[in-house]
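Colleague: Mind looking at a prediction? Sequence and model below.
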Amino acid sequence: MAKFDILEDLKWRGAINQETDEEGLREYLKNHDDLALYCGTDPTGDSLHIGHLIPFMILKRFQLAGYHPVILIGGGTGAIGDPSGRKTERVLQTAEQVKQNEEKLTAQMKKLFGTENFEIVNNAEWLGKMNLLDFLRDYGKFFQVNNMLNKDVVASRLENGISFTEFSYQILQAIDFYHLNKDHNVQMQIGGSDQWGNITAGIDLIHKLEGSDQKAFGLTIPLMLKADGTKFGKSAGGAVWLDPEKTSPYEFYQFWINQDDRDVVKYLKYFTFLSHEEIEELAEKTEKEPWKRAAQKKLAEEVTKFVHGEEGLKEAQMITEALFSGNIKDLSVKQIEQGLSSAPSAEADKEKKNIVEFLVDTKIEPSKRQAREDVKNGAIYVNGDRQQDLDFEVDPSSAFDGKYVIIRKGKRKYTLVHVK
């Protein structure tokens, strides 16, 4: 049986931007099963978002193909701040913030990668032990300032200025690759397209210190743009986080299910582990029956399951179905908060109130005349039940622990009324 060609698979998925030595890497993969590769993330926040997920999906593909992924949490570099992709200096974090973020990111990575054939390292372990003189003598002398200035990430910042702290970041990342190559037998680093300069700096350092025959490879992933030319990874409400407390599984699921037909096949290739045949079949369905949104449903299902597990997926699907059908009575307060977090909201007190007055007071209806008309016509639902009786009294304590009254107007126009 022919060995799975991971590089051809990545090319088919459109996931390779640049490679330092494609021929050498192919040769290595053909003759070795022990490739170890790493990707790093600095603990600048307490959660990754889906933009960060892109290089880690590639790492996961290598893991599934039998190779050894290493994730570097930048406890050392995170105290400095990567200038990549930024126009201004980062605000330095306290040691306590960095520590808390490290713990959260480590837990997220364990959830995505499991425990088999996978390890997490922290560069604070080696960078934190280095003194300034060792840094300058053992590593600084191998870096030419003129070369460092030519790196895109530095060149783009020269006009507005860059501190020596951030300027030195590429040396620290190069030391990381050298350390992992020498002490952990890691032969490859992967990252976003903005990491190319840092990755090549690491390979140069390895070759200077260990000899030009030392195996060290780099691979970057293209910058992902949506069909409309904007950067992927943001929703109307901001970043889409992997942390369920920041972006609920329902909101996460909805982000994927609402993707444009022009983008969905690209995202299936990047963010799912479906076979080429399955993706091509979904591409055909999108072409022939776009209204069924089969590709979007499968995309939302696969990515939500990968990030939030089977339980998170089931909950997201249950809330989706309940809101779509209007059958919301069985949803918990927490599920209501997830499903209607971006719906229009209003406030009401705890007193029972006639339905017409309630609709006008909460501004769901502009006038009593319109409210009466909509109630009589059967367009108004209170907590999942259609109400056509003009004398009906809305009792805020009757459902959802007395915290909310949910009004649906028409097919799917929900308002979440907070009970004070």
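Modeller: Good, I have the coordinates.
Colleague: drop to CA atoms for contacts and neighbour counts, all remaining ones
Modeller: Noted.
Colleague: With adjacent residues omitted, what lies nearest to residue 172?
Modeller: residue 77 (6.9 Å; C-alpha to C-alpha, 6 or more residues apart in numbering).
Colleague: The one you found: what's it in contact with?
Modeller: Neighbouring residues of residue 77 by C-alpha atoms under 8 Å, 6 or more residues apart in numbering: 42, 123-124, 169, 172-173.
Colleague: now the strand or helix carrying residue 283: mean pLDDT?
Modeller: According to DSSP states H and E, residue 283 maps onto helix 276-288. In this model, helix 276-288 has an average pLDDT of 95.
Colleague: And it, what does it pack against?
Modeller: Packing contacts for helix 276-288, counted by 3 or more C-alpha pairs under 8 Å, 6 or more residues apart in numbering; DSSP states H and E, involve helix 261-271, helix 294-325.
Colleague: Nearest to residue 333, out of the contacts of residue 77: which one, please.
Modeller: Set against residue 333, the nearest of the contacts of residue 77 by C-alpha to C-alpha is residue 42 (35.4 Å).
Colleague: Give me the neighbour count for the closest one.
Modeller: The local packing of residue 42 (other C-alpha atoms under 10 Å) involves 23 other residues.
Colleague: Next one: it, what pLDDT does it get?
Modeller: pLDDT, the model's per-residue confidence, is 87 for residue 42.
Colleague: Could you pull up the residues touching it?
Modeller: Residues near residue 42 by C-alpha under 8 Å, 6+ apart: 73-75, 77-78, 81.
Colleague: cool, and residue 44?
Modeller: With C-alpha under 8 Å, 6+ apart as the criterion, the residues that contact residue 44 are 78, 81, 93, 98, 101.
Colleague: Taking those residues, tell me the two that lie furthest apart.
Modeller: Largest pairwise distance in the contacts of residue 44, by C-alpha to C-alpha, is 13.8 Å, between 81 and 101.
Colleague: about what we covered before: can I get the helices and strands packed on helix 276-288 in JSON lines including distance to residue 31?
Modeller: Conversion of the helices and strands packed on helix 276-288 to JSON lines gives the following (distance: least, C-alpha to C-alpha, whole Å):
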{"stretch": "helix 261-271", "distance to residue 31": "27"}
{"stretch": "helix 294-325", "distance to residue 31": "31"}
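Colleague: Could you find the closest non-adjacent residue to residue 402?
Modeller: If you skip the residues right next to it in sequence, residue 402 has residue 396 as its closest partner in space, 5.7 Å away by C-alpha to C-alpha, 6+ apart.
Colleague: cool, residue 381 as well?
Modeller: Counting by C-alpha to C-alpha, 6+ apart, the nearest residue to residue 381 once its immediate chain neighbours are dropped is residue 408, at 4.9 Å.
Colleague: Turn the helices and strands packed on helix 276-288 into a markdown table, columns for mean neighbour count and mean pLDDT.
Modeller: Formatted as a markdown table, the helices and strands packed on helix 276-288 follow (neighbours: other C-alpha atoms under 10 Å; pLDDT from 0 to 100):
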| stretch | mean neighbour count | mean pLDDT |
| --- | --- | --- |
| helix 261-271 | 20 | 95 |
| helix 294-325 | 19 | 95 |
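Colleague: Need the pLDDT of the residue nearest the centre of the chain.
Modeller: With distances taken as C-alpha atoms, centre = their mean, the residue of the chain nearest its centroid is residue 50 (1.4 Å). The model reports residue 50 with a pLDDT of 91.
Colleague: returning to what we had before: now do the helix holding residue 283: everything it contacts.
Modeller: Contacting residues not belonging to helix 276-288 are listed as 261, 265, 268-269, 292-295 [C-alpha under 8 Å, 6+ apart].
Colleague: quick one: residue 159 from residue 146, how far?
Modeller: Remark: distance between residue 159 and residue 146 (C-alpha to C-alpha, to the nearest Å) = 16 Å.
Colleague: ignore the last one, residue 68
Modeller: Spatial separation of residue 68 from residue 146 under the definition C-alpha to C-alpha is 36 Å.
Colleague: Buried residues, stretch 9-19. List them.
Modeller: When burial is assessed from 16 or more other C-alpha atoms under 10 Å, stretch 9-19 yields the following buried residues: 9-10, 13, 15-16, 18-19.
Colleague: Let's have the residues you listed in TSV, adding distance to residue 240.
Modeller: As requested, the buried residues of stretch 9-19 are arranged in TSV below (distance: C-alpha to C-alpha, whole Å):
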residue	distance to residue 240
9	27
10	24
13	22
15	21
16	24
18	27
19	29
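Colleague: hmm, back to that, for the residue nearest to residue 402, what are its contacts?
Modeller: 349-352, 402-405, 419.
Colleague: distance between the ends of stretch 222-230?
Modeller: Criterion C-alpha to C-alpha; first-to-last residue distance in stretch 222-230 is 14 Å.
Colleague: Contacts for that stretch, please.
Modeller: Stretch 222-230 has contacts (C-alpha under 8 Å, 6+ apart) with 15-17, 192-193, 231-232, 260, 262-263.
Colleague: How about residue 41: what's its closest non-neighbour residue?
Modeller: For residue 41, the nearest residue in space outside its immediate sequence neighbours is residue 73; the separation is 5.3 Å by C-alpha to C-alpha, 6+ apart.
Colleague: Who does the one you found form a beta bridge with?
Modeller: In this structure, residue 73 has beta-bridge partners residue 41, residue 122, where bridges are defined by DSSP bridges.
Colleague: any idea how far it is from residue 160?
Modeller: For residue 73, the distance to residue 160 - C-alpha to C-alpha - is 29 Å.
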